[in-house]
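Undergrad: got a predicted structure plus its sequence, pasted below:
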Amino acid sequence: FKECDLIDIVEMKKRINEIRNELGLISILVNNAANDDRHKIDEVTPDYWDNRMHLNLRHYFFTSQSVYKDMKEMGNGSIINIGSYSWMLPQGGMAGYATAKSAIMGLTRTLARDLGNHNIRVNCVVPGWIITERQKKLWLNSKIEKATLEKQCIKRLLKPDDISKVVLFFASDQSSGISAQNYVVDGGIMV
């Protein structure tokens with residue numbers, strides 16, 4: 001594990017090079033970092049907006065740029081981007097987060113087209129509401145839990161493990177014929 005400030009692209013590239021030097025060429029990349037802080041439209045400044053884009057989107061491109069040549073040299077690879085279903089819901093209250101996360105789906109398809117001829121697969125896992133410790137602490141209460149379960153076909157709250165299984169699938173050869181896809185793991189939300 002290497003700690004890194006993903007907003008600092010220069011530092012992030014240094015950490016990737018350290019990993020490459022320690023472990024060899026990189027064949028799998030999982031882009032998964034985000035901050036879903038709530039914000040009101042009138043509270044958003046240009047600096048805050050830029051921070052949301054940097055924290056939730058920008059590094060996805062630059063990490064991919066930093067590793068795709070390794071994958072090209074090996075003749076295959078897999079980039080898995082973690083998006084969010086939040087922008088597809090009538091939720092509101094986090095325009096910066098939702099905008100950045102919606103852009104990940106477009107980035108996924110663009111990179112899949114650009115890198116596919118090198119046998120590099122690029123897919124996006126699109127989580128619904130995953131109950132992490134942060135979500136429990138900040139947002140989860142009985143009213144929200146009830147409303148969430150009413151929308152989902154599967155009547156249980158989703159856990160990080162529900163996403164990691166799909167990520168492992170896209171990282172493995174089991175998904176060797178899949179690219180440019182946005183795979184939703186939301187418990188079957190029906191709005």
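TA: Perfect, thanks for sending it. None of the values given here were measured: they were computed from a predicted structure.
Undergrad: show the backbone phi and psi for the most centrally placed residue in the chain.
TA: Using Cα atoms, centre = their mean, the residue of the chain that lies closest to the mean C-alpha position is I82, 1.8 Å off. Main-chain torsions, I82, degrees, to the nearest 10: phi -100, psi 120.
Undergrad: nearest residue to it in space, please, no chain neighbours.
TA: N32 (4.0 Å; Cβ to Cβ, 6 or more residues apart in numbering). Quick note: C-beta positions are derived from backbone N, CA and C, even for glycine.
Undergrad: so how far is L6 from that neighbour?
TA: Distance, N32 to L6, by Cβ to Cβ, to the nearest Å: 10 Å.
Undergrad: more crowded one of those two?
TA: Taking other Cβ atoms under 10 Å, N32 and L6 do not tie; L6 has more neighbours (19 against 15).
Undergrad: could I get the contacting residues of that one?
TA: When contacts are counted by Cβ atoms under 8 Å, 6 or more residues apart in numbering, L6 touches 12, 33, 54-55, 59, 63.
Undergrad: mind redoing it with 6 Å?
TA: 12, 33, 59 (Cβ atoms under 6 Å, 6 or more residues apart in numbering).
Undergrad: and I26, what are its phi and psi?
TA: Per degrees, to the nearest 10, the backbone of I26 is at phi -100, psi 120.
Undergrad: and it, how far from E43?
TA: For I26, the distance to E43 (Cβ to Cβ) stands at 39 Å.
Undergrad: tell me which of those two has more neighbours.
TA: I26 (18 against 8).
Undergrad: so the more buried one sits against D70, correct?
TA: Yes. I26 is within contact range of D70, at 4.6 Å (criterion: Cβ atoms under 6 Å).
Undergrad: burial measure for Q65, as a count.
TA: Using other Cβ under 10 Å, Q65 is surrounded by 13 other residues.
Undergrad: which helices and strands sit right next to whatever helix or strand it lives in?
TA: Assigned by DSSP states H and E, Q65 belongs to helix 59-74. Where contact means 3 or more Cβ pairs under 6 Å, 6 or more residues apart in numbering; DSSP states H and E, helix 59-74 is packed against helix 9-23, strand 28-31, strand 77-82.
Undergrad: out of these, deepest packed?
TA: Greatest average neighbour count among the helices and strands packed on helix 59-74 goes to strand 77-82 (a mean of 24), per mean count of other Cβ atoms under 10 Å.
Undergrad: so what touches the very next helix or strand once past that one?
TA: As assigned by DSSP H and E, the chain's next helix or strand after strand 77-82 is helix 95-115. Residues outside helix 95-115 that contact it (Cβ under 6 Å, 6+ apart) are 36, 49, 52-53, 56-57, 64, 68, 81, 83-84, 86-87, 122, 124, 179-180, 182.
Undergrad: so what's the model's average confidence on helix 95-115?
TA: If you average the pLDDT over helix 95-115, you get 96.
Undergrad: and it, what's buried?
TA: For helix 95-115, a neighbour-count test (16 or more other Cβ atoms under 10 Å) marks 96-98, 100-105, 107-109, 111-112, 115 as buried.
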